[in-house]
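Enquirer: Got a predicted structure plus its sequence, pasted below:
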Amino acid sequence: MEAGQAELAFRGVGLRKIYVTGETEVHALRGVDLAIHPGEIVVLLGPSGSGKSTLLNIIGGLDRPTEGELFHFDTQLTGIAEADLTRYRRENIGFIFQFYNLIPSLTAEENVRLVTDIAHDPMEAREALALVGLSDRADHYPAQLSGGEQQRVAVARAVAKRPGILLCDEPTGALDSQTGVRVLETLVRANRELGTTVLIITHNVGIAAIAHRVLHFLDGQIARVVENDTQIEPVEITW
Amino acid sequence: MNALDLKLTRNLWHMRGQVFAIAMVLAAATATFVLSMGTYRSLVDTRDAYYAQSHFADVFASMTRAPRSIVDTVGQIEGVQRAEGVIQQYATLDFPDRNIPVRGLINSVDENGRTRLNQIVLREGRMPRAGEPGEVVVDELFALANGLGPGDSVEALIYGSRQRLDIVGTGLAPNFIYALPPGDIIPDDERFGIFWMGRKALEAATDRTEAINSISITLERGASEPEIIRALDRILEPYGGLGAYGREDHLSHAFLDNELMQLDAMTRVIPPVFLLVSVFLVYIVLGRMIRTERTQIGLLKAFGYSSRQVGMHYFKFALVIAMLATVLGSLAGIWMGHGMTELYASYYRFPFLNYNISPGVFLGAAALSTGSAALGALAGMRSAIRLAPAVAMSPPPPPVYRAGIVERLGQRAGFSAIGHMIVRHIARWPGRSAMTILGVALSLGLLFSTVQFIDSSRNMLDSYFFRAQKQDLSVSFTEARNEDVLFELAQIPGVQRVEGTRAIAAQMSNGNLTERTALESAPENSILTARIDSSGAEIDMPISGLMLSRQLADQLKVGAGDSVYVEMLGGRRTARMMPVASIVDEFIGARAYAGPATLEELVRDRAPFATALLRIDPLFRDDILTELKEMPVVLGVTERDAALVKFEEMIDDNIFTMIFFYIAFASAIAVGVVYNSARILFSERAHELATLRVLGYHRTEVGIVLLGELALLVIAAVPLGCVIGYWLAQLMTTMFSSDLFRLPFAPNRATYGYASLIVLFSALGTAALVALRVLRLDMVRVLKAHD
């Protein structure tokens, strides 16, 4: 093993994912090698079906690769038991989805508590909501919040446990530009203040400018990697 | 097959678990219906065929002694088709190794070994031959119970003289479907048997040359039974006639009729309740299932399918379930019905079995299942069809939750976020949660009301055997005796108390309503008998006038304060109007009671004793029984505790077998309802559950969200189910009570627990099944479903 590799937040070798539905096989990932450094913001770009979400799901422990190996620091994620994978998610990962996935029967604060209840060293739920500027909406149910507010609750929920990694699948996809910027600002803030590694899937090419690195996906492979020497602030993004 | 029908078959396959569970609920109700209709009808058909084939008589009469020539006179009565006279004689049988007396009733058969009426169906061996005096055919059940068969012989004491009876065959006869020992209320195959013996031999043994003491007649079609009975009574009066009676007063027929009526009552009461409950359950479950198809309904309408076509599609869905239920239910019903009928047929001593179910029963079952399934489908479709396609296709907006009163309490109790999810989901859909609770509660109620029939029977036994009869032994005599015999019995060492009871056959009438019964009387200061009413209270015998059981009073349409005309059918055959002093609510039989003074006044004689009741020291039991067996006046001895066991066995055979099936079906319904509720809950919450898994909750923790809600609903359903059960049971008990038979309403506390446990266990079982789904939950796919 080369020196320095153990310090990688994620190291993937020859990751393949084949979905078998009936008699057809879909090759979602066709041998992806990957290196994500701790504290990086990485944006994943590419057309639908190019394998971005599949990779993100595998990194998040929601799915397993058909072939290949994946390490989180020196922990091998491929081949571990389901319960260990759940614990890995619980302790390390914050998820943000395009459609928020809030629990409608719980208030904003309780949705965050859903995570802080089971995390190791979480912040207070109120604190997390303050981080996304929703202190005054803590007792509202999802049905009483706008789309942007709901997504900010989802972000608060994701950062509340102080996760090492934030995985965001189209976090701004359902939002207007103004709200989208607020969400991205929160992500950047988590990255700077907490040192969180952030992976963002997006179709919005403009967002790529806030990343340290951009991975371009095509046909289940990483076609090219672009390093940004400087990152712009979310407000500067041309939407 | 068009695309929509293809979708139908796929949907059915995809939802097979739920489809099967709904079908099971309907099938259980259908099976109950088919089983019940089939069993009762088949038994009645079998009985009627047996009666017809064996020429069971229509009118019966017995007398002290009449010349055989009287049969021709009786045959001349207008409307009489055929008359036949026989000798019937009780005998004591000697089984040296047993100290309980064994009794037999010997009937004469003609020189060819035949009777023309009440014909014997030979089961084994042959009939007695003329000129072979000791040869007998014995009734099959007695033979089986005592290990007897052709070639065996028993010693008998007939009319005071000993005779050996050589068994040459076994048989059955329609007039002894139930062979009741005199004075007993239940058959006892081990201790009482029917025998058939050649006429000449029995005439010789009983000193009745060319004489008879019993006559049976069949009537021509359209003949008036009451008129013929009156004519017969006139002819037989000089010969000590005890009053002619029709089939409804024939002991065996009446007993069988009563049993069949109970079965009929049960089959008329329980299946409709089952059907109603399951119709309602299917209405709930199917409706809710189709409501989860909201998006697909929107899609179909967006494609241009009309509401009618979409409606038809879901109606077909319901139809397939109904057909499945009809087929499953009918097959189960036929299979169980056949087994059940066979069981009853052997129990009722039928020599053969006509098992058939009319096609109408299946049509009815199919109509009922289809109707309820269609109703359920309709309920689910109505709201979905009303939606505009675009609205229907987009997922429903997040429901608005609010913290209610329960919540504020929960807040204070420090609920976790998971706890809040469970409670709020219930509170957010109060209607839906209430339906689930109601569904489970109804199935529990059904179970409870079925199981409580067992309590009911036990309670009846308790009041009849433990509270009304306090003797250890009851001794019946070969013929009615005076006080001397009571003194004689009291002399036996170990006998602590002797009470003589009288029972004289009597006919009671009010206007043109006439009932045949026995007027019973116990000593004034009796401690061995009591009259218990339906509330369990002991009722005192009135000082003057009669006390009638509720059934008899109802049949005669009289109440306390009215009068009835009483004709004694024995002794001096006195007759007069008697006031009805009181009515007693008894469970068994239509009976009449009078105090000893009233009875003496009525019969104008010191009426003899038919039975003596004994309380004994248990240590002397065997010695006393041996002593009684040696007394020539003693015809039979019944031990109360043994009779209780027999009675319980009879109820077990008769009622419990049927109840057992009903319980099984009620349990199936409970399982079906709980399973479907759990499945629907799962599909409604799959998205949330997947979210929790993504957030790092373990499977078991996620399972708690789902099963916690189910558990709360089921637990809430238990008390409600007990209340519904109590109410249903009361309804059923009321419906069950017939003229001849009444059941007390007395559910046991344990029955609530038993019914609740079955429901809780089925909930646990189905919860485990659904929990397996949580284990297999595909997080990625469920979350993607939103895109």
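Expert: Ah, there it is.

Enquirer: Which residues are in contact with residue B:620?
Expert: Going by Cβ atoms under 8 Å, 6 or more residues apart in numbering or on different chains, residue B:620 touches B:493, B:494, B:495. In short, each C-beta sits where N, CA and C put it, glycine included.

Enquirer: Local confidence estimate at the last one?
Expert: Translated: residue B:495. At residue B:495, the model reports a pLDDT of 92.

Enquirer: low-confidence ranges in the stretch 1-150 of chain B?
Expert: B:1 (pLDDT under 70).

Enquirer: same check, this time on chain A
Expert: A:1-6.

Enquirer: mind checking the longest helix of it?
Expert: helix A:177-194 (DSSP state H).

Enquirer: And the next helix or strand past it?
Expert: strand A:197-201 (DSSP states H and E).

Enquirer: Would you list the strands that the helix or strand that comes right after that next one pairs with, along with their directions?
Expert: Next in sequence after strand A:197-201, counting helices and strands by DSSP H and E, comes strand A:213-218. Strand pairing for strand A:213-218, determined by DSSP bridges: strand A:41-45 (parallel), strand A:221-227 (antiparallel).

Enquirer: So what touches strand A:213-218?
Expert: Contacts with strand A:213-218, where a contact means Cβ under 8 Å, 6+ apart, come from A:40-47, A:50-52, A:55, A:208, A:222-228.

Enquirer: May I have that strand exported as CSV, CA atoms only?
Expert: What follows is strand A:213-218, C-alpha atoms only, in CSV (Å, rounded to 0.1, in the frame of the first residue of the first chain):
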residue,chain,number,x,y,z
ARG,A,213,-12.6,18.9,-7.7
VAL,A,214,-15.2,18.0,-10.4
LEU,A,215,-15.7,14.3,-11.5
HIS,A,216,-17.2,14.1,-15.0
PHE,A,217,-19.2,10.8,-15.4
LEU,A,218,-20.0,9.1,-18.7
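
Enquirer: got the angle for that strand vs strand A:197-201?
Expert: 30 degrees (axes from the mean of the first three to the mean of the last three Cα atoms, to 10 degrees).

Enquirer: what angle do the longest helix of chain A and strand A:197-201 make?
Expert: Using the same axes, to 10 degrees: helix A:177-194 against strand A:197-201 is 160 degrees.

Enquirer: Go through helix A:177-194 and flag the buried ones.
Expert: Across helix A:177-194, burial judged by 16 or more other Cβ atoms under 10 Å in any protein chain shown covers A:179-191, A:194.

Enquirer: Run through the neighbouring helices and strands of that helix.
Expert: Applying 3 or more Cβ pairs under 8 Å, 6 or more residues apart in numbering or on different chains; DSSP states H and E, we find helix A:177-194 packed against strand A:41-45, helix A:125-131, helix A:147-159, strand A:165-169, strand A:197-201.

Enquirer: could I get those as TSV with distance to residue B:33?
Expert: What follows is the helices and strands packed on helix A:177-194, written out as TSV (distance: least, Cβ to Cβ, whole Å):
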stretch	distance to residue B:33
strand A:41-45	63
helix A:125-131	57
helix A:147-159	53
strand A:165-169	55
strand A:197-201	59
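
Enquirer: Need the ones you listed in JSON lines (columns: mean neighbour count).
Expert: Converted to JSON lines, the helices and strands packed on helix A:177-194 look like this (neighbours: other Cβ atoms under 10 Å in any protein chain shown):
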{"stretch": "strand A:41-45", "mean neighbour count": "23"}
{"stretch": "helix A:125-131", "mean neighbour count": "21"}
{"stretch": "helix A:147-159", "mean neighbour count": "25"}
{"stretch": "strand A:165-169", "mean neighbour count": "24"}
{"stretch": "strand A:197-201", "mean neighbour count": "24"}
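
Enquirer: Next, residue B:238: secondary structure please.
Expert: helix (DSSP: H, G, I helix; E, B strand; the rest coil).

Enquirer: Would you mind listing what in chain A touches chain B?
Expert: Within chain A, the positions near chain B by Cβ under 8 Å from any Cβ of the partner chain are A:57, A:60, A:62-63, A:82-83, A:86-87, A:89-91, A:93, A:95, A:97-99, A:101-106, A:110-111, A:113-115, A:117-119, A:141-144, A:157.

Enquirer: Now a ChimeraX select for only the buried ones of those.
Expert: Applied in ChimeraX, the following selects the buried portion of the residues of chain A next to chain B according to 16+ other Cβ under 10 Å:
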select /A:57,60,62,63,86,89,90,93,95,97,98,99,101,102,103,104,105,106,110,111,113,114,115,117,118,119,141,142,144,157
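
Enquirer: sorry, back to before: so which of the contacts of residue B:620 wins on neighbours?
Expert: Per-residue neighbour counts (other Cβ atoms under 10 Å in any protein chain shown) across those peak at residue B:495, which has 20 neighbours.

Enquirer: Surely that residue touches residue B:624?
Expert: Yes - using Cβ atoms under 8 Å, residue B:495 is in contact with residue B:624, at 6.4 Å.

Enquirer: In terms of helix, strand or coil, where does the nearest residue to residue B:771 once chain neighbours are set aside fall?
Expert: Closest residue to residue B:771 apart from its sequence neighbours, by Cβ to Cβ, 6 or more residues apart in numbering or on different chains: residue B:703 at 5.1 Å. Of the three states, residue B:703 takes helix under three-state DSSP.

Enquirer: For the residue in the stretch 551-700 of chain B that chain A sits nearest to, grab the count of nearby residues.
Expert: At 2.9 Å from chain A, residue B:696 is the closest residue in the stretch 551-700 of chain B, using Cβ to the nearest Cβ. Neighbours of residue B:696 under the rule other Cβ under 10 Å: 25.

Enquirer: Can you tell me which residue is spatially central in chain A?
Expert: Centroid-nearest residue in chain A: residue A:167, 0.7 Å away (criterion: Cα atoms, centre = their mean).

Enquirer: any idea how far that one is from residue A:199?
Expert: Computed as Cβ to Cβ, to the nearest Å, the residue A:167 to residue A:199 distance reads 5 Å.

Enquirer: Grab the nearest non-local neighbour of the residue of chain A found nearest chain B.
Expert: Per Cβ to the nearest Cβ, residue A:90 is where chain A lies closest to chain B, at 2.9 Å. Spatial nearest neighbour of residue A:90, chain neighbours left out: residue B:696 (2.9 Å); criterion: Cβ to Cβ, 6+ apart.

Enquirer: hang on, that neighbour packs against residue A:87?
Expert: Yes - when contacts are counted by Cβ under 8 Å, residue B:696 is listed as touching residue A:87 (7.5 Å).

Enquirer: Tell me which residue in the stretch 501-650 of chain B sits closest to chain A.
Expert: Taking Cβ to the nearest Cβ, the stretch 501-650 of chain B has residue B:535 as its residue nearest chain A, at 51.6 Å.

Enquirer: For that residue, give me the pLDDT.
Expert: 70.

Enquirer: Please enumerate the helices of the stretch 51-200 of chain B.
Expert: B:70-76, B:140-146, B:199-206 (DSSP state H, counting those that start in this stretch).

Enquirer: in the longest one, what counts as buried?
Expert: Going by neighbour count (16+ other Cβ under 10 Å), the buried part of helix B:199-206 is B:199, B:201, B:202, B:203, B:204, B:205, B:206.

Enquirer: And stretch B:503-510, by the same measure?
Expert: In stretch B:503-510, counting by 16+ other Cβ under 10 Å, buried: B:503, B:504, B:505, B:506, B:507, B:508, B:510.

Enquirer: need those in a markdown table with pLDDT, distance to chain A and secondary structure, can you?
Expert: As requested, these are exported to a markdown table (pLDDT from 0 to 100; distance: Cβ to the nearest Cβ, whole Å; DSSP: H, G, I helix; E, B strand; the rest coil):
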| residue | pLDDT | distance to chain A | secondary structure |
| --- | --- | --- | --- |
| B:503 | 83 | 73 | strand |
| B:504 | 83 | 77 | strand |
| B:505 | 83 | 76 | strand |
| B:506 | 87 | 75 | strand |
| B:507 | 87 | 75 | strand |
| B:508 | 92 | 72 | strand |
| B:510 | 92 | 70 | strand |
